[in-house]
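Undergrad: Return atomic coordinates for the entry below.
(chains A and B)
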Amino acid sequence: MLVAHLDPLASSIFSLMAIASLLLAFVMLGSRWLNNYLYAFAAESWVIAILSATVGFYGGYPELYFIAILTGVFRGLFLPYLLWRIIRRLNVSREIHEFLQPSSALVVGAFCVIFSLAVGYRVGQSLGLAATVAVLALTVMLSMKLIGFLMLAIRHEAISQVLGLLVLENGVFLGAQILVPGMPVLIEIVILFDLLIVVACFGVLVQYLLVHAGTTSSLGLRRLVG
Amino acid sequence: MIMVGSLLLALVIAPAAAALGCLAFHKRSIAEKLNLAASIIVVVAAIPLAVLSASGPYRFWDDYIVVDMPGAWVTLCTAIVYLLASIYAVGYMRLLKEEEEKLWSFYALFAGFALAVLVSTIMNNAGLYWIAIELTTLVSTFLVGFERAAESVEAAWKYIIIVSAGISLALLGTVLFYWSGSFVLGPVYDMTWTTLQQTAPKMNPTLVSLAYLLVLIGYGTKVGLAPMHTWLPDAHSESPAPVSAMLSGALLNGAMLGIVRYLAVADSAGVGPFARNVLVALGVLSLLVGALFIVRQDGIKRLMAYSSVEHMGVIALGFGFGGIFGVAGALYHMLNHSLNKSLMFFGAGNVMRGFGTKEISQIRNVWARYPVQGSLWLAGAAAITGAPPFGLFLSELVILRGGIEQNYGWAVAAMIVLLIVIFVGFLNHFREMYFEPSLQTDSSTPAISSWCVTPMWFALAPLLLFGLWWPSGMWEHFSAIAYILAGISP
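TA: Predicted structure coming up:
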């Protein structure tokens, strides 16, 4: 178990990375410009890539270097590029009808983090890992999930929803690197490629939405109810 | 072993080849034949596979692939729906004149969808199972949005967003399961279902409970358990009828298999009662939501979709109750529901084409206009509400008995009341469509090709047979599966 006996330096680097990505999730939550979401998402992916490499270094998992490169290239460059192209083609640059002001969204996000901390601490305690980086990893993983769901719930632009989904997955990815660095590489690679396909699908769908439903905001999707 | 291996290869290669063939030729006439041929091969391979699995489990390819009894059963249900839907698609898709040009792509996606569901049932690694389920979403999204009407695109968008969000919770749960296993097995191991189940007694129960809940909500979204069912009525009602049948009869079972396997792990980890209570609660809630929306429904395919929510609830109740009766009933219900729901969607598709509307209030005098297939559809409606002498009556009865045996009195009571409400509500819609006088005088009756009626016969005949006679071999098969899921070798 890597997290149980980790030297203090590694432990603080992991914590720093985890907190940095959580902060970037808050940046996404607190902005209403699509481009800001995108940059924050790209930065978050880079932090996770660096985290993979550090875990690989300290835990002795050389295959994680490979994962780090793939994460950086796919999630840090290629996905943001694809989304950037879609944003440019759609001609939408910001959320217009928010369900919740960004400031209120930040407060709700903070409560999500507190809740995740409670859950993470409880699990850490029952595992005898309460004083390790595992609690932080669990907290960040769960709070990024909750923030992702929050973004899905309060944002209406198609691109924001895609990014919300990607934040959900980033949370899992980040937690997995710290908690289960030995998880079979095959699976991680396939998940990376899988994401790429997801975004390609979204690209096509967003086009459909625009052409056939006449809008890319989910507020316009009112035909099917009951 | 070689026999099973070659059957497995046929099962996977046939739809893959059909999908590639459709992509290569770009012609409707070739594509529909390829898809039909593939579905026949799949059924021919799946039947002996389900039988042979009893002497298994057989593992292939470094333990990544397994043919075990629960998986092979779901494979069989999937294969049957794939065949019925492929026959039906030939007739139904020809009616969509405006899509004529790109029907080849429909068949390519259709075969790809069947392939993804089939592959998910034979995955032995929990991570790869997740990927297979995610693939089913990606392929089927384009099938849901195939007609490109505004409604279809809206349904496809809701489908991919809700299901991807849900399935990402299942990924988190999978990671946590791996983590809890790594305390026992070390940081690197193969997360097969057997390994998980064998290691579970030594796992931390708190962590397993959390992981199980995440997995249940995640795959539960895909199964369409309430309250995560919101994508289901839209996707089922807006996709072409053969796709609706596949979604309902094949995909939902494929995701249910994951829940069942994780339930077995939770059972061995000692959190069984908690895990079962949650599943039973979701099952009852699905029945409730299904009942409420069935009673007041005007969309003919949405009616069928909510009936799917209901029946997934019934299956969840069966597995949640557990014991031999619960599991056997749920497995039997899976097959019966697959057959019956295909029949219902085929009928709904025909009626929709015949009357040119999806609204129940516009459909009248079905019997007078379509005597043969109208009778088939009405028989199917009686069957799906659980009336004897059809298969679903037997399987629901056995599930109820399983619930009484396992002391889930409240759930059994709720299930009985809700099933009665659904029976009345569902058949009331059919009474309106069959016996209420028509408001319009227009009685032009577009002919429905025999491609669209034959699969209804194929679905109804076994349904009647299974209602009158539950083969004893099948009963033994089910009890063996119940033992496997309980972690006991029979």
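Undergrad: which residues does the residue positioned nearest the centre of chain A contact?
TA: The residue lying closest to the centre of chain A (Cα atoms, centre = their mean) is residue A:167, at 2.3 Å. By Cβ atoms under 8 Å, 6 or more residues apart in numbering or on different chains, the contact list for residue A:167 reads A:25, A:28, A:41, A:44, A:144, A:147-148, A:151. C-betas here are computed from N, CA, C, even on glycine.
Undergrad: Next, it: secondary structure please.
TA: Following DSSP: H, G, I helix; E, B strand; the rest coil, residue A:167 is assigned to helix.
Undergrad: number of nearby residues for residue B:457?
TA: By other Cβ atoms under 10 Å in any protein chain shown, the residues close to residue B:457 number 13.
Undergrad: so it sits right up against residue B:376, yeah?
TA: Yes - Residue B:457 lies in contact with residue B:376 (Cβ atoms under 8 Å); the separation is 6.8 Å.
Undergrad: from the contacts of residue A:167, which is closest to residue B:381?
TA: Nearest to residue B:381, judged by Cβ to Cβ, of the contacts of residue A:167 is residue A:148 at 41.4 Å.
Undergrad: residues touching that closest one, list them.
TA: A:25, A:164-165, A:167-168, A:170-171, B:165, B:168.
Undergrad: In JSON lines: these, plus distance to residue B:370.
TA: As requested, the contacts of residue A:148 are exported to JSON lines (distance: Cβ to Cβ, whole Å):
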{"residue": "A:25", "distance to residue B:370": "56"}
{"residue": "A:164", "distance to residue B:370": "46"}
{"residue": "A:165", "distance to residue B:370": "44"}
{"residue": "A:167", "distance to residue B:370": "51"}
{"residue": "A:168", "distance to residue B:370": "47"}
{"residue": "A:170", "distance to residue B:370": "53"}
{"residue": "A:171", "distance to residue B:370": "53"}
{"residue": "B:165", "distance to residue B:370": "41"}
{"residue": "B:168", "distance to residue B:370": "44"}
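Undergrad: right, is the top helix by length along chain B up against chain A?
TA: Longest helix in chain B by number of residues, with DSSP state H as the criterion: helix B:150-185. Yes - under the criterion of Cβ under 8 Å from any Cβ of the partner chain, helix B:150-185 makes contact with chain A via B:150-158, B:160-161, B:164-165, B:168-169, B:171-172, B:175, B:178-179, B:182-183.
Undergrad: So what touches whichever helix or strand comes after that helix?
TA: Next along the chain after helix B:150-185, taking DSSP states H and E as the criterion, comes helix B:193-199. Residues from elsewhere that reach helix B:193-199, judged by Cβ under 8 Å, 6+ apart: B:57, B:66, B:68, B:124, B:126, B:177, B:181, B:184-185, B:189, B:261, B:264-265, B:268, B:487.
Undergrad: So how do I select the buried members of those residues in ChimeraX?
TA: Typed into ChimeraX, the line below selects the buried ones among those, using 16 or more other Cβ atoms under 10 Å in any protein chain shown:
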select /B:57,66,68,124,126,177,181,185,189,261,264,265,268
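Undergrad: Could you list the residues of the stretch 201-350 of chain B in contact with chain A?
TA: When proximity is defined as Cβ under 8 Å from any Cβ, the stretch 201-350 of chain B approaches chain A at B:204, B:206-207, B:210, B:233-234, B:237-238, B:293, B:296-299, B:302.
Undergrad: Could you say which of those is surrounded by the most neighbours?
TA: Of all these, the highest neighbour tally under other Cβ under 10 Å goes to residue B:238, namely 30 neighbours.
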